[in-house]
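1. quick one: sequence and predicted model below, then my questions.
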Amino acid sequence: MSQELWTSVDRYITKTLIPADPVLDAALTASAEAGLPPIAVAPNQGKWLMILARAIGVRSILEMGSLGGYSTIWLARALPANGRMITLEADPRHAEVAQANITRAGLADKVEIRLGKALETLPELAAEGNAPFDLIFIDADKENYPGYLEWALRLSRPGSLIIGDNVVRDGKVIDAADPDPAIKGVRRMNEIIASDPRLDATAIQTVGSKGYDGFMIAIVTDQE
Ligand code: SAH
Ligand code: DHB
Ligand code: MG
């Protein structure tokens, strides 16, 4: 089993199940041309997120880490006409590319990009009364995942979904001694989740064009 095969199968899945999509293609092209790193979710992952969002009848979404707005567009497409999404991005260049991509996708009226470090903009969101969100997608800097998880809990309600990207990282997540702050961040987040009765959670490993990684998914319970 190899990266080459995983990529071929992702290509097959995308070709077979995901219709050609000029708007999403343009978002990736514009992101690449602007020099953004090629780390957006894969097309089949983006659609998987969109289907999950639609399945819960999502009306409000919060995302941490916009990059060029690729996952943002997938998720925002699950929103009804009066639905709202806020996506948090620290890098002004990324936010600029994301804004253009979101506008091209016809989603500018539903999606707001908040520029700034998420741990600084999250308290503002809370103060403004934007919560609770039906779905929260955590995908910014991995070392701050514990903080993002705490905020996600504060900004959610029983039944909300909290999804975290990149929680396996080539299997490095099992190494308690790994000094990488990203690994430490994901492990700490998992510990917090495990000890909090307000969350029921699991994670799945994924392989594909993005390598070997995984998603965490948690549902907020009505426990105190
Ligand atoms: N969700 C995107 C990928 C996000 S990549 C997609 O799948 O299409 C991670 C993003 O988080 C990058 O754009 C990076 O600039 C941003 N980021 C890093 N640290 C951050 C922080 N402290 N606050 C907000 N965004 C941050
Ligand atoms: C990285 C970040 C991501 O969100 C991702 O999906 C893949 C890689 C990174 O920072 O390397
Ligand atoms: Mg990611």
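-> Everything's here; your move. Ligands and ions are numbered 1, 2, ... in the order given.
2. how about the nearest residue to residue 181, chain neighbours excluded?
-> residue 143 (3.8 Å; CB to CB, 6 or more residues apart in numbering). All C-beta spots, glycine's among them, are computed from the backbone N, C-alpha and C.
3. can I take it that the one you found is in a strand?
-> No. Residue 143 sits outside any strand when classified using DSSP: H, G, I helix; E, B strand; the rest coil, being helix.
4. and the residue positioned nearest the centre of the chain, what is it in contact with?
-> Centroid check for the chain by CA atoms, centre = their mean gives residue 137 as the closest residue, at 3.7 Å. By CB atoms under 8 Å, 6 or more residues apart in numbering, the contact list for residue 137 reads 49, 61, 62, 63, 64, 71, 75, 163, 164, 165.
5. of the residues you listed, which are in range of ligand 1?
-> With CB under 6 Å from any ligand atom as the criterion, those include residue 71 near ligand 1.
6. did I read that right, the residue nearest to the centre of the chain in a strand?
-> Yes. Using three-state DSSP, the assignment for residue 137 is a strand.
7. pLDDT value on it, please?
-> Looking at residue 137, its pLDDT stands at 99.
8. for the contacts of residue 137, which one is nearest ligand 1?
-> Using CB to the nearest ligand atom, residue 71 is the member of the contacts of residue 137 that sits closest to ligand 1, with 3.4 Å.
9. who does the residue of the chain found nearest ligand 3 form a beta bridge with?
-> Closest to ligand 3 within the chain is residue 165: 3.5 Å, counting by CB to the ion. Judged by DSSP bridges, the bridge partners of residue 165 are residue 215.
10. so it makes contact with residue 139?
-> Yes. Look at residue 165 against residue 139 with CB atoms under 8 Å: they come within range, at 4.2 Å.
11. what do these two both touch?
-> Contacts common to residue 165 and residue 139, judged by CB under 8 Å, 6+ apart, are 41, 71.
12. show the pLDDT at whichever residue of the chain sits closest to ligand 2.
-> Of the residues in the chain, the one nearest ligand 2 is residue 39, at a distance of 3.7 Å by CB to the nearest ligand atom. Residue 39 carries a pLDDT value of 98.
13. name the nearest residue to it, ignoring sequence neighbours.
-> Nearest one to residue 39, counting by CB to CB, 6+ apart, is residue 67 at 6.7 Å.
14. next: residue 34.
-> Residue 34's closest residue in space is residue 97 (CB to CB, 6+ apart), at 4.7 Å.
15. same question for residue 223.
-> Sequence neighbours aside, residue 197 is the residue nearest to residue 223 in space, at 4.1 Å (criterion: CB to CB, 6+ apart).
16. all set, thanks.
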